[in-house]
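Student: Need the 3D shape of this:
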Amino acid sequence: MPDPASRLEEIRFGYGPRVGQALASGGLDPDRVMAQLTARDKPAEAWTGPTLADRFVLIDDQVARRRAKLAPLTDPTYNLNTIRARDALAFIARPTAASCGFVERLVNLWSNRLTVASSPGVAILIPPLRDEAVRPHITGRFPDMLRAVLWQPAMLAYLNQNVSSGPNSSYGLRKGRGLNENLARELLELHSMGTGFTQADVTELARLLAGMQAAGNGPELDERRVEPGEKTILGDTYTTGIPEIDRLAETIAMRPETAHSVARMLARHFIADEPPADLVETLAQTYLQSGGHLPPMYRALLTHPAAHDQTLHKLRSPQDFMAASLRATGLSGDEEETPAFRKKGMRLGEVMARMGQPVFAARRPDGWPETAPGFLTPPMVAARLEWATDLARLTGERADPVAQAQHLLGDLGTPLLFGAVAGAEQRWEGLAVLLGSPDFMRR
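Tutor: Here you go, the predicted model:
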């Protein structure tokens, strides 16, 4: 467990202070934030779901029972619907519970960069992508993370790689099937480089990736669908096989285009929708000089003057906002099954969807928006204010809202906000003003 964070650290690099939480004095301490990367976070770990291998066993069992016309298992431990519901709740409850908010922010950031959205048969596989392909690598190298996500069954299914066959493979020739370029295109355009490649590179990459197969125990190729022959991608020649696909992932991950794309994403997420150009360049050079290691980038980010700016520039995403408001009111997220939450229509997943971030259901392969306009339509803003009001009505009589505002925002809040909170006639109204304010919605 790291030392207590400062208010700025919790807001900009975590999910906001918890009610009653001890906060360090002063501003941002890069060493203190970096210490979270190696600290144990038992409250967050409690929300870890079944592994990918365990989920494949349950899926196979469900299929077998359906074929045998047997009733589904009702034990929650083995019920896929129960697991899906817990997964969705964990998306909000885990950052709410976290002691190391920076770690959870990074997991959510990289998972959004390497997006898999929910679709039939995919939703149950998304949490293992986050916890087994992304989370272990946030303190390591981006090339290793990219490789792990590339082979993850949820990614293969989401981008239809499981139906891609080499046109000259034995299966392709026999069935008349060909390439699906979805994964190849998104791998270059969204997951790594962003620019600097051609359509020919996409097609050649699709030829290389043909035959990739979803499996619960590591990378597999369906040799019947592998495209024979050499492939030329970004000027390099590849043959066939898992090592060649892994070599490709390493190569594109270490391209200068990828370094700048990753750097801009990191700076944009934590600092500003339009981050300082010198920060982006510093992060890109740090990435290349470190061989794609991510912690040196984090330190470069944390030591840049923009990270210490007392002005909160970024709009909290719906996930950020909901987790911050639950932490601010002493709730965990598990309360959504209580009568009070059901009566108020405060099921967390439904509220998230109204705010514009349906759980595990990004609208496009580039993930949920990282800039404010994507979450500021009138209905989305109305949903935030409705949530703030409902949550305040449930919890607002517990504490002095002025004291809460001081604890949650301190010098980062504006005199206008503190005056409005103090002027509320009832405690819950003061809390509603606080939670629904622009000050609280920014980080």
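
Student: who's in contact with the helix or strand harbouring residue 33?
Tutor: Assigned by DSSP states H and E, residue 33 belongs to helix 30-35. With contacts defined as CB atoms under 8 Å, 6 or more residues apart in numbering, helix 30-35 is touched by 2-3, 5-6, 9, 13, 24, 102, 295, 298-299, 302-303, 307. To be clear about C-beta, it is placed using only N, CA and C from the backbone, and glycine gets the same treatment.

Student: count of neighbours near the residue lying closest to residue 428 once chain neighbours are set aside?
Tutor: Using CB to CB, 6 or more residues apart in numbering and skipping the chain neighbours, the partner closest in space to residue 428 is residue 396 (2.7 Å). For residue 396, the neighbour count with other CB atoms under 10 Å is 22.

Student: Show me which of the contacts of helix 30-35 are buried.
Tutor: Using 16 or more other CB atoms under 10 Å as the burial test, the contacts of helix 30-35 include 2, 5, 6, 9, 13, 102, 295, 298, 302, 307 as buried.

Student: need these in JSON lines with secondary structure and pLDDT, can you?
Tutor: Shown next, in JSON lines, are those (DSSP: H, G, I helix; E, B strand; the rest coil; pLDDT from 0 to 100):
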{"residue": "2", "secondary structure": "coil", "pLDDT": "64"}
{"residue": "5", "secondary structure": "coil", "pLDDT": "92"}
{"residue": "6", "secondary structure": "strand", "pLDDT": "96"}
{"residue": "9", "secondary structure": "helix", "pLDDT": "98"}
{"residue": "13", "secondary structure": "helix", "pLDDT": "98"}
{"residue": "102", "secondary structure": "helix", "pLDDT": "98"}
{"residue": "295", "secondary structure": "helix", "pLDDT": "98"}
{"residue": "298", "secondary structure": "helix", "pLDDT": "98"}
{"residue": "302", "secondary structure": "helix", "pLDDT": "98"}
{"residue": "307", "secondary structure": "helix", "pLDDT": "98"}
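
Student: so which two of these are the farthest from each other?
Tutor: Using CB to CB, the two most remote members of those are 6 and 295, lying 20.3 Å apart.

Student: Go ahead and confirm residue 134 touches residue 145.
Tutor: Yes - the pair residue 134 / residue 145 is scored as a contact, 6.1 Å apart, by CB atoms under 8 Å.

Student: The lowest-mean-pLDDT helix or strand in the chain: how far from the chain's middle?
Tutor: Comparing helices and strands within the chain by mean pLDDT, DSSP states H and E singles out helix 339-344 as the least confident, with a mean of 76. Here helix 339-344 shows a centroid-to-chain-centroid distance of 28 Å under the convention CA atoms, centre = their mean, to the nearest Å.

Student: ranges for the strands of the protein?
Tutor: Using DSSP state E, the strands of the chain run over 212-213, 220-221, 231-233, 236-238.
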